[in-house]
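# sequence-free structure coming up:
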């Protein structure tokens, strides 16, 4: 068991390194941060650009730059942003809680929505409630997320000035972004819960429990729900990567100061230290989530463990 | 289930409350002006950057020897007077007495010397500002209230540049004690507002400086919020959470105007837009073709309908406030029939394909480029529009000459002097000129660069403008107005055309 | 695995209605999808000028006010109805072609990995790990900022990031099928590998793959619009739903139809595809996981 865990851990580290290497290399293939910083200056000579590059550490060969980055990362020093020299660790320390809180709240809200609805759909399978919930969830899945975000802002910030349209000024600002993400997540999760519940409900042991005379409710929530917890968690874990993708767009619309905006702006600005650090952190998050899922899975299903 | 639901609910509330940011921004506190700024330059050191966004903040906390008013006039700043001496190789500045930096340090000749030594020395080398001041040799202290600036070469735009970023005066003791990095995050200057707090990429706050030499500001605080998307800036304006927005989408001007608490302020600005031609590719090699393309596009209609009148037509790559602007130089008229004839005569077949590169995220220009494409289609040219990420376009595609037949050329021209623009655009091998190599043009550009004779310069600059138009090196489109969305509760903002705010006289209700 | 038993919870009258409504789902799904696809395919015949005819005098005409422009016009005076229909071509093209590519590559690799294990299996699992760790959007940004946007690159990029899903799915299915009795029996009989794959494995794999395909087409249509919204998509002259949405964003308060109508088009198409996928899943794999 430990062997399995260690193996997965090493694989995780490997993956993160590959990802950061790829992104770091790819982003250097085009665009020059020195020119970007020198924009607007009357006439910039090659000499000036060279000096700027030296100041940024870009005159060294790529492997050296990458190695320095990894080395620094291990001691928590992510370098300084090209755009002004802010320590990257500070940028990360500000952005990570923003993204994590948004992600956590979205996840929670989506669970709050999808679990009860999924259960209801399963219990009333085939009936109008089931149909309504299924169609509703399909509709939720079909929204382009940024469009949903924009419509929400239009409705809840401009037409009815209730909520702040952007930024993070306290818990109230969380409402719209969370709503946007949760609606789309719930759509898939509802169906997952429903399917798992359906499968569980038809299982033998449930019939036995019923035969024993346990109340429906007890049967439902104590036994059946626990059974679909695992696939649900598995699925959420695997969806982490997709969620980060969705977060980037939502963060953009709401001007949310999180990792998505950080990474996006860093790519545009060719701000290599910030980009490398934020992609690393994001990859770490996703990989950790997957790792946890794998471990949980491995614990439950011995067949997987021994492959 | 109840316990389960309750746990979930409790967990969510807990997380939500823990999710408050570290401190809340006070958007509408009495006596605070909030400004939406589209970019966070990340470093408040005057020598570190050229970004327009820095200028929006710099003027609140720093002063230069010379300052520029919103009407683009040069007036005394930290220097009360200046005098050209020794055949214009030396400028003597008399400094303003009794001025202190925000940390209590006195402003004197030593501070000026320190500033320029730093700008022109090792520290300045790392940033883009240094090259702008290459004409200065060094600054010499004559006495605590007088300095001499010795020049290596003539620079007719120098006085304007002294009102620019790099020449803003910084505190020697503070920087020596705390270091440049700390200074970049915690700026100290002589300006009307003093720095209080900086949250990277989120906000930047200032409090008034009651000892300001120009008179204490009337508002208590100025807060900048970094909001990149114009549509979001507009939303915040409508929600009453920002008082000034520097990038409102033109599409929303009417909506904002209709809002009783908001106003739209518009004025001629420094930004000029043109479609620069790749004169080495395909049909663009022919001058007649280039001119025909200009005549095929109804630039006035574009200005009127898409830009809602918030721009002015131009014949050369500068606006009317620019030094070197020639009002007698008229743009080529809109005449699609003639354009077609010219194309036919040049042997261009209908259906010829050209590519137009532009900045993808620029939503206003997206529309403009589509309009241009539609017009060109009207004379038989098929345009494929290629959006690029702004930085890729500016740092790779243009300088390396990888463009299509034409590209979006946009220039800030903050000096309001055609020299700055023209040199970068037309001189051989300049960053923004990957294709053209014209000896005559080079010579013209060179002469005006190093001459103090302003009327002579103006003549030369006008000649340059005329020559470029004659050669049709580009399709001049328009010069954009600077447009701000403001909340009427903020008054006397003295909004400038170059985006550099200074709220000395501003008040809020 | 559990028995395929009708859940105890449903009763007879309901199940009759259920079957009827299920067909409704199918019907609506097919109708929606087919309509959008058909309209999109036919549009160049109905509108030969490619939806680029600009009319600056007729900017932002509201829908249902003029016969010539039943759904109104956009900021450049172009007809919204025309552009929505033509836009469908691009969006659907991107969606279908990218999925087709992913399927071809993914299924092939998945089959080999699942059947033969060994190197290909290991390679695939590493690819899965890496691909899962990379948020699509960020990689799209990096990739597109190097190579520029445009239909070809977007499709290529979607294929590169999605083939792994199919490979993983197929691999998993193959792995479980391998252990099944009939396959082991066939092997014992000496049936050749290729024949086995063709006759025993592929038919069982087809179902889930098709389901995933319908869902992915829907997803890719959404992704294309996201990319265009972020400024990295197709040539803005060519009508595309994502592009129209992005163009209309700043007009939401003055000319809502410029954004809302293409948004609706995306939603309806994606909904149709999802309904289809749902119905397919019900038929082919009633208790399977999404």
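Received it, and whenever you're ready, just let me know what you need. These numbers come from a predicted model, not from an experiment. Numbers count the residues shown, from 1 in each chain, chains lettered A, B, ... in the order given.

# residues near the residue of the stretch 101-250 of chain B found nearest chain C, how many?
Going by CB to the nearest CB, chain C is nearest to residue B:249 of the stretch 101-250 of chain B, at 3.7 Å. Every C-beta, even on glycine, is put in place using the N, C-alpha and C of the backbone. Neighbours of residue B:249 under the rule other CB atoms under 10 Å in any protein chain shown: 22.

# now stretch B:134-148: mean pLDDT?
The average pLDDT within stretch B:134-148 is 92.

# Please disregard the earlier target; I meant stretch B:474-493.
For stretch B:474-493, the mean per-residue pLDDT is 92.

# what do you get for stretch A:56-74?
What stretch A:56-74 shows for mean pLDDT is 83.

# How about stretch C:263-273?
Mean per-residue pLDDT for stretch C:263-273: 86.

# Quick check: residues of the stretch 151-300 of chain B near chain A?
Residues of the stretch 151-300 of chain B found near chain A (CB under 8 Å from any CB of the partner chain) are B:157, B:181, B:184-185, B:199-202, B:225, B:227-229, B:231-232, B:235-236, B:238-241.

# Which of the residues you listed fall within helices?
B:181, B:184, B:185, B:231, B:232, B:235, B:236, B:238 (DSSP state H).

# Please name the residues that touch residue A:51.
B:125, B:126 (CB atoms under 8 Å, 6 or more residues apart in numbering or on different chains).

# try 10 Å this time
A:34, A:45, A:59, B:122, B:124, B:125, B:126, B:127, B:128, B:130, B:131 (CB atoms under 10 Å, 6 or more residues apart in numbering or on different chains).

# With secondary structure as added columns, please give these in a markdown table.
Formatted as a markdown table, the contacts of residue A:51 follow (DSSP: H, G, I helix; E, B strand; the rest coil):
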| residue | secondary structure |
| --- | --- |
| A:34 | helix |
| A:45 | coil |
| A:59 | coil |
| B:122 | helix |
| B:124 | helix |
| B:125 | helix |
| B:126 | coil |
| B:127 | coil |
| B:128 | coil |
| B:130 | helix |
| B:131 | helix |
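
# Which PyMOL command selects the buried ones in the residues you listed?
Selection of buried members from the contacts of residue A:51 for PyMOL, criterion 16 or more other CB atoms under 10 Å in any protein chain shown:
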select buried, (chain A and resi 34) or (chain B and resi 124+125+126+127+128+130+131)
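
# how many neighbours does whichever residue of chain B sits closest to chain A have?
For chain B and chain A, the shortest gap (CB to the nearest CB) falls at residue B:42, measuring 2.4 Å. Residues lying near residue B:42 (other CB under 10 Å) number 26.

# what do you get for residue C:262?
A total of 30 residues lie near residue C:262 under the criterion other CB under 10 Å.

# any idea what it is structurally, helix, strand or coil?
Classification of residue C:262 by three-state DSSP places it in helix.

# State the pLDDT value of the residue of the stretch 101-250 of chain B closest to chain C.
pLDDT at residue B:249 comes out at 85.

# thought it was touching residue B:237?
No: if you go by CB atoms under 10 Å, residue B:249 and residue B:237 don't touch, sitting 11.1 Å apart.

# list residues touching both of these two?
Listed as contacting both residue B:249 and residue B:237 by CB under 10 Å, 6+ apart are B:256, B:485.

# all helices in the stretch 151-290 of chain C, in order from the N-terminus.
Secondary structure of the stretch 151-290 of chain C by DSSP state H, counting those that start in this stretch: the helices cover C:151-178, C:181-189, C:193-196, C:202-229, C:241-248, C:257-284.

# List, out of the residues of the stretch 151-300 of chain B next to chain A, those positioned next to chain C.
Filtering these for proximity to chain C by CB under 10 Å from any CB of the partner chain leaves B:229, B:231, B:235, B:238.

# Can you tell me which of these is closest to residue A:261?
residue B:229 (10.4 Å; CB to CB).

# so who does that closest one touch?
So residue B:229 contacts A:166, A:252-255, B:38, B:235, B:247, B:249, B:361, B:363, C:249-250 (CB under 10 Å, 6+ apart).

# Likewise for residue C:272?
Residues in contact with residue C:272 (CB under 10 Å, 6+ apart) are A:138, A:142, C:28-37, C:214, C:218.

# now, which of those residues lie within helices?
Secondary structure from DSSP H places A:138, A:142, C:28-37, C:214, C:218 of those in helices.

# Return a PyMOL selection command for the buried portion of those.
To isolate the buried ones among the ones in helices among the contacts of residue C:272 in PyMOL, judged by 16+ other CB under 10 Å, type:
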select buried, (chain A and resi 138+142) or (chain C and resi 28+29+32+33+36+37+214+218)
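
# what about stretch A:13-27, near chain C?
Yes: residues of stretch A:13-27 contacting chain C under CB under 10 Å from any CB: A:14, A:15, A:16, A:18, A:19, A:20, A:22, A:23, A:24, A:25, A:26, A:27.

# What is the neighbour count of the first one?
Close neighbours of residue A:14, defined as other CB under 10 Å, add up to 14.

# Can you tell me which of the contacts of residue B:229 end up in strands?
Among those, DSSP state E puts none in strands.

# Single out whichever of those residues has the smallest pLDDT.
residue B:361 (71).

# mind listing what residue A:145 touches?
Neighbours of residue A:145 in contact, by CB under 10 Å, 6+ apart: A:180-181, A:183-184, A:245-250, A:253, C:222, C:225-226, C:229.

# Tell me how far it lies from chain B.
Look at residue A:145 and chain B: by CB to the nearest CB, to the nearest Å, they are 15 Å apart.

# Local confidence estimate at that residue?
Residue-level confidence at residue A:145 comes out at 84, pLDDT.

# My read is that residue B:314 contacts residue B:325, right?
Yes: Residue B:314 lies in contact with residue B:325 (CB under 10 Å); the separation is 8.5 Å.

# Give me the common contacts of the two.
Shared contacts of residue B:314 and residue B:325, counting by CB under 10 Å, 6+ apart, come down to B:465, B:479.

# higher neighbour count, these two?
Neighbour count, other CB under 10 Å: between residue B:314 and residue B:325, residue B:314 has more, with 23 against 20.

# on that earlier part again, isn't the residue of chain B closest to chain A right up against residue A:82?
Yes: assessed by CB under 10 Å, residue B:42 is found in contact with residue A:82 at 8.4 Å.

# Surely residue B:222 is within a strand?
Yes: assessed by three-state DSSP, residue B:222 belongs to a strand.
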